[in-house]
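*Asks:* sequence and predicted structure, then a few things I'm wondering about:
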Amino acid sequence: MEFFSHQTSYPFMATRKVWYTLSAVLMIVSLGSFFLRGVNLAIDFTGGVSAEASFPGAANVDAVRARLAAAGFHEPSVQNFGSSRDIAIRLPPDPKQTASGIRTQLETALRGIDPGAQVLQLEVVGPQVGSELKVSAAWALFFTLLGIFLYIAFRFHTWRLSLGAILAVLHDPILVLGFFSLTQMSFDLAVVAAILAVIGYSLNDTVVVFDRIRERFEGNRRSPPDVVLDQSINQTLSRTIMTKVVTSIVVVALLFLGGPVLKGFSAALLIGIVAGTYSSIYISSAIALDCGLTAEHLFPTVKKAAIDHLP
Amino acid sequence: MLEYPRWKYILVAAVLLLGLLFALPNVFGEDPALQVARKDHSALTADAEQSVESFLKTHGVHFERSYVDQGRLMVRFASVPDQLAARDAVNGNDDFKNTYITAVSFAPRTPEFLRTLGLKPMPLGLDLRGGLYLLYQVDVNSAVSQALEGYATDARRALTTASIPFKDVTVGAGGQAGTVRIQLTAGADVGAARSALSQPLQGLALLTGNEAAGPVVEATMTSAQIRERQDYAIQQNITTLRNRVNELGVSEPIVQRQGIDRINVQLPGVQNSAEVKDILGRVATLEFRLEDMQNSAIEAAQLGRAPLGSKLYTHTRMGRPILLKREVIATGDQLTNATTGQSQEGPAVNVRLDARAGENMLRTTRANLNKRMAVVLIEKRPETVEIDGKKVTREVTDEEVINDATIRGVFSNNFQITGLAAGEARELALLLRSGSLATVIYVVEERAVGPSLGRDNIDKGVTALAVGMAGVFLFMALYYQVFGVVADLVLLANVVLLTALLSMMHQVLSLPGIAGILLTVGMAVDANVLIYERIREEIRKGVSPQAAIRAGFDKAFSAIADSNITTLIAGVVLWVLGSGPIRGFAVVLTLGIATSMFTSLMGSRALLTLMYGGRRKLTHLAIG
């Protein structure tokens, strides 16, 4: 079986304006939404209380909300979660509340509605811990990007390829952020981990394509750059699609079977993988081309080096 | 002809065999178990194992088998009812209860030969087995200011003794943390003050100055001293928490430092967080007091009141009431260390006090040779009671005499408590060290997962893992045919090696960790795909099958290395900066990259060379 029975020759470079426009629109929507609406930060970052409870019968969300408010909980947010019997409760951080009391208070309030109600999971995060996690997540993002920038600079000897790779790398987490901002899905620590994994993973394709560009330039230094770039992308296309399809299989399995805990995590991975595939096929090489990449940039010192080695 | 060096075959086979061995303990599952430990924290002996076993037998409780692991006895049962019957039998017996602490837990069904090799399955995280996670914040600054208060008291005493007039001794004055400021009266002799202070303020940086109100001496703790004091406070709190967690009878608890001033406590299987937090968060201290030898404690206990100048303690470890003098010689926060040691009379506890308490101890022991001295453990805990229908939280103080001993010599800040049994010495040292939770700790993060939710999480994780892997395997086999099956074997080997590494490191497996394993499978495919696509390309070019395989591996190498490095960067950053389950994910991701490089570069090449290398008339490769 093969996706592409013959070597493809899609004109990626000739159509790059289309892809630039598409990317620009997606970026603007993502960033706009991120700055206007923000993301729905989980209690990992905001601090507060998050609980899951289960009722023997269908849970009445409004009744729970009213009962919690009556029990002195400030602005309780109650939602169905998983099934009609399960609910998720979120409470903003309250400095006056002691962590030890919350569970008892919650259980008392819920059992007032139905004696069979059970608190399955309870998480209490202090506001201080939350803001620290925010800082450490930001550092993690910073160090990952820095590490990858350094790696790119070291790996691709010309800034034209580096810039293409960097823009492609930035492209993907921004789209993930945009997705989380638009859907208002809960943005927790696991999502940050997924974004970092995506940053690393989506660069894979770009690196593989660039590797091929280098190889092709080495063979025919006189070919026009856009032809070489098109050839390189087309030759690696089968591998790019194949790898991403397989990775998507496992991520989709996680998304649908892994349960609610992994939902945000796998959604971020899936969006990131799709975005990463797109950006490495359509964006990274095109940017290098627009920066004027030629064979000379990759092999400027070949002749000189050869002379150097003469006795 | 396609060849592969023999040593590489041997290496691949050896690594795989080792991997299988280390991964093996994970496949046996768990049995309900009862964990039995001695109350005095001494290691359980074979005799004790015998006695526990015969105890269970006489009570008609069926158990599968028992073994000693890390000084604790694990008794495994075939079913949960048996396990609970055993627990009830054990807890119903007073003799047993006084000697042992028991905890209901799960024990891996690992066969004997693997256990004797020290091989264990990956422990499950709280999200998979249910339990309570607490993150405590330690008030390290109060630990430092306590030390400063001590210095200030010493300074006052030293100046008074040396008859140097002073106005005030303040701590942390002028917005300077870690400083004791001594304001002398105008005209006082600064030089004399300095020399008088040099002994009690030893180690502190002394600065003298002149102000309108008179000369000033400032003693500052160096940042190293402050850090040392903070570390000591954390360490002391960790020991205390560990001790208390053990008292709770929780199996496999984790108590560890996190960052500068945090302690994280993980209690698998614990549900009632209020009770646990109450016990763990208790503030306790110790007092050294002289025993009142003139009056009879028995008499006082019968009367229910103590003679003047003494205090009656009915709650004692010695099992008899005791009368102690009201004056406190030293308190727990003046204790700097307590370790077990040896004396001519057998096991002993070596105690170190700070300078101030040492001086007091010197005076007291000089005057009270051959009299008795006792150690009192004082615990304060918040208790919620209902008064007139209203819930009121009040502080309850529990006092217990944990040890009393005869003063055999004159000593100051460094002495031994003797006349103890080995287990007793260890416990007393632990209690002395850990009994005093002088620094306040409070919960800043709490996560509780119910056992049913844990079960649910593990089921979901395993299902996702199985379905995801099956999907990948099927897809690879369809797409690359025989080569796809080879890739599947290689991926399977990758999972085995990854599991082996994680088990070797005793890495806690959490839900994100399972996701990491699955993601590794998805990403490890990449290396195989790169190689196979190269082989297909070579075949299209008309290269012979064996040359195509060789070229495929050789040419794909740089792309494989490159593409893995980028993911590795992200994995390492997460490993370093992440905590908890996120770190678990990062560890799996990072190790998974390493194992997948090995399996797809070496393992897959060895297998393919074995399959195709020797065939002379190979015209076609089943690569789809």
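*Replies:* In hand now; what should we look at? Owing to the predicted nature of the structure, the values given are computational and were not obtained by experimental measurement. Residues are numbered from 1 along each chain as shown, chains lettered A, B, ... in the order given.
*Asks:* return the list of helices and strands in contact with the lengthiest helix in chain B.
*Replies:* Longest helix of chain B, by residue count under DSSP state H: helix B:451-504. When contacts are defined as 3 or more C-beta pairs under 8 Å, 6 or more residues apart in numbering or on different chains; DSSP states H and E, helix B:451-504 sits against strand A:118-125, helix A:225-257, helix B:6-23, helix B:126-129, helix B:511-540, helix B:581-598, helix B:604-612. Any C-beta I mention is one placed from the backbone N, CA and C, and that applies to glycine too.
*Asks:* and that helix, how far out from the chain middle?
*Replies:* Distance of helix B:451-504 from its chain centroid, counting by C-alpha atoms, centre = their mean, to the nearest Å, is 32 Å.
*Asks:* average pLDDT across that helix?
*Replies:* Within the predicted structure, the mean pLDDT of helix B:451-504 is 91.
*Asks:* could you give the angle of that helix to helix B:604-612?
*Replies:* Between the axes of helix B:451-504 and helix B:604-612, defined by axes from the mean of the first three to the mean of the last three C-alpha atoms, to 10 degrees, the angle is 80 degrees.
*Asks:* what secondary structure does the residue nearest the centre of chain B sit in?
*Replies:* Nearest residue to the geometric centre of chain B (C-alpha atoms, centre = their mean): residue B:255, 3.2 Å. Applying DSSP: H, G, I helix; E, B strand; the rest coil to residue B:255 yields a three-state assignment of strand.
*Asks:* what pLDDT does residue 194 get?
*Replies:* Reading this off chain A. Residue-level pLDDT assigned to residue A:194 equals 90.
*Asks:* looking at chain B here, not the other one
*Replies:* 84.
*Asks:* show me the contacts for whichever residue of the stretch 51-200 of chain A sits closest to chain B.
*Replies:* Minimum separation of the stretch 51-200 of chain A from chain B (C-beta to the nearest C-beta) falls at residue A:200, amounting to 3.3 Å. For residue A:200, the set of contacting residues under the criterion of C-beta atoms under 8 Å, 6 or more residues apart in numbering or on different chains consists of A:144, A:148, B:566, B:567, B:568, B:569, B:570, B:571.
*Asks:* for chain A, give me the ranges with low pLDDT.
*Replies:* Across chain A, residues meeting the criterion (pLDDT under 70) sit at A:1-6, A:94-101, A:300-311.
*Asks:* let me see the domain layout of it.
*Replies:* If you go by automatic domain parsing, the domain ranges for chain A are A:16-41+A:129-301, A:48-125.
*Asks:* pick the most buried one from the ones you listed.
*Replies:* domain A:16-41+A:129-301 (a mean of 20; mean count of other C-beta atoms under 10 Å in any protein chain shown).
*Asks:* coming back round to it: relative to residue A:263, how far out is the residue of the stretch 51-200 of chain A closest to chain B?
*Replies:* Between residue A:200 and residue A:263 the distance is 22 Å, computed by C-beta to C-beta, to the nearest Å.
*Asks:* equivalent analysis for residue A:272, please.
*Replies:* On the measure of C-beta to C-beta, residue A:272 and residue A:263 end up 15 Å apart.
*Asks:* what number of residues lie near residue B:368?
*Replies:* The local packing count at residue B:368 equals 17, with neighbours defined by other C-beta atoms under 10 Å in any protein chain shown.
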